[in-house]
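> structure here, sequence nowhere to be found:
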C-alpha cells in the first residue's frame, strides 16, 4: 500500500539498496490474484522507481515456485537469471520455468522478458553428478550458462544465519570468489548486449 521508494533501505554495501521481504507477502498471493491486472502489479509498482534512473540494475529475488508473486516478477522483468542446483531434479525444473517464460512471452504478459543466463550452484567437483548436470546444461544451453560455477560451501551456508552476504561474512572464501567472478561475467555480458542493441551511427 506504499510507494516502493518509501520502503527502500540503505545497506552497509556502497551503492546497494534493498526492499526487504515481509510476512505480509504470504497473504499477498491471494490478494494479488483477486486484483485487476494481477500479473502486472509489481511492474506497476516498479515503474515510478525505474523512471528515475537511480539504479543500473533492479534484482527481484524469487522463491523457487511459480506462484502469483513469481509470475509478477517475471512479467516485470527484462531478464531472468536462473540459479540451478547441480542435481538431477533441477534439470526437470529448468524445462518448467523455460516453458512458463515462453507462454508469458507469447501471451504478451511479459513481452520484454528474456533468459539472461543460467547460474549453476552447489557445484561439487568431486561428484560425477555435478559434472554431468553442468555438462547437460552446457549441451542444451551453451549460450546461456555462465562459466562461473558456484561451489557447494559451508561458508556460503553459514552466511545467511549471520545476516550477512558472503562478501562481508568471508570475502576470501571460494564461494565469495565465485560470486565476484559471476558478477564480472554478468556485467561483461550486459555490456556486450547493450552495445549490440545500440543503433549504428
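Noted; the coordinates are in hand. The shown structure was predicted, so the numbers you read here are calculated from the model rather than taken from an experiment.

> which residues touch the top strand by length along the chain?
The longest strand of the chain (DSSP state E) is strand 114-123. Applying CB atoms under 8 Å, 6 or more residues apart in numbering, the contact partners of strand 114-123 are 78-87, 94, 98, 101, 130, 133-134, 137, 141, 144-146, 148-152, 182, 186, 189. Quick note: C-beta positions are derived from backbone N, CA and C, even for glycine.

> partners of that strand in the sheet?
Here strand 114-123 has these sheet partners by DSSP bridges: strand 79-85 (parallel), strand 145-151 (parallel).

> could you pull out the buried residues of it?
115-123 (16 or more other CB atoms under 10 Å).

> and residue 123, how far from residue 28?
Distance of residue 123 to residue 28, computed by CB to CB, to the nearest Å: 33 Å.

> residue 103: neighbouring residues, count only.
11 (other CB atoms under 10 Å).

> for the one 5 residues further on, same thing?
The local packing count at residue 108 equals 8, with neighbours defined by other CB under 10 Å.

> quick one on the thing from earlier: after the longest strand of the chain comes which helix or strand?
Next along the chain after strand 114-123, taking DSSP states H and E as the criterion, comes helix 128-140.

> go through the helix or strand of the chain with the lowest mean pLDDT and flag the buried ones.
Using mean pLDDT, DSSP states H and E, the weakest-scoring helix or strand in the chain turns out to be helix 25-34, at a mean of 79. Neighbour-count burial for helix 25-34, with 16+ other CB under 10 Å as criterion, is recorded at 28, 32.

> buried ones in the helix or strand just after it?
Following helix 25-34 in sequence order, the next helix or strand is helix 41-51 (DSSP H and E). Residues of helix 41-51 classed as buried by neighbour count (16+ other CB under 10 Å): 41-43, 45-46, 49.

> one step back: now the angle from the least confident helix or strand of the chain to helix 41-51?
In terms of direction (axes from the mean of the first three to the mean of the last three CA atoms, to 10 degrees), helix 25-34 departs from helix 41-51 by 100 degrees.
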